[in-house]
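Q: Dropping the sequence and predicted coords here.
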Amino acid sequence: QVQLVESGGGLVQTGGSLRLSCAASGRAVSTAAMGWFRQAPGKEREFVAAISRSGANRYYADSMKGRLTISRDNAKNTMYLQMNSLNPEDTAVYYCAADFGGKYLTTRDDAYDYWGQGTQVTVSS
């Protein structure tokens, strides 16, 4: 079993930045592709970013490309998401997820095996 715990969310003003963290325990995630998703009130969960096992490959949602940096530290069993130039439309619960079975990065949430409980990001106008 893998436990994923997100942190780093909070309240930020428009134009601000946040760095989310996702700490894994129970199993090394160095063999897993990992991703970030978000869900805003009344909306479906959507893909944000994904990173390959080694960190060499990264993929971002078009809507947020240029404002995000996903990274990971396998020695610390932790993944990060740096978010810049935030706006109110970015307000959502952000979830991290781990995909142990996939060979390629995917935006499909049903491909991910383990999920964190989420961290709230609120951007005020």
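A: Noted; the coordinates are in hand. Numbering: from 1, shown residues only.
Q: Which pLDDT value goes with the residue lying farthest from the centre of the chain?
A: The centre of the chain is farthest from one residue, S125, which by CA atoms, centre = their mean lies 23.0 Å away. With respect to pLDDT, S125 scores 92.
Q: any idea how far D73 is from C22?
A: Using CB to CB, to the nearest Å, C22 is found at 11 Å from D73. Bear in mind the C-beta positions are built from the backbone N, C-alpha and C, glycine included.
Q: Which one's more surrounded, the two?
A: Taking other CB atoms under 10 Å, C22 and D73 do not tie; C22 has more neighbours (26 against 12).
Q: Let me see the ranges of the strands in this protein.
A: Counting by DSSP state E, the chain has strands at residues 3-7, 10-13, 18-25, 33-39, 46-51, 58-60, 68-73, 78-83, 92-99, 114-115, 119-124.
Q: I'd like the ones you listed as JSON lines, with distance to L105 appended.
A: Listed next are those as JSON lines, based on distance: least, CB to CB, whole Å:
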{"stretch": "strand 3-7", "distance to L105": "17"}
{"stretch": "strand 10-13", "distance to L105": "27"}
{"stretch": "strand 18-25", "distance to L105": "16"}
{"stretch": "strand 33-39", "distance to L105": "6"}
{"stretch": "strand 46-51", "distance to L105": "4"}
{"stretch": "strand 58-60", "distance to L105": "5"}
{"stretch": "strand 68-73", "distance to L105": "10"}
{"stretch": "strand 78-83", "distance to L105": "13"}
{"stretch": "strand 92-99", "distance to L105": "8"}
{"stretch": "strand 114-115", "distance to L105": "16"}
{"stretch": "strand 119-124", "distance to L105": "22"}
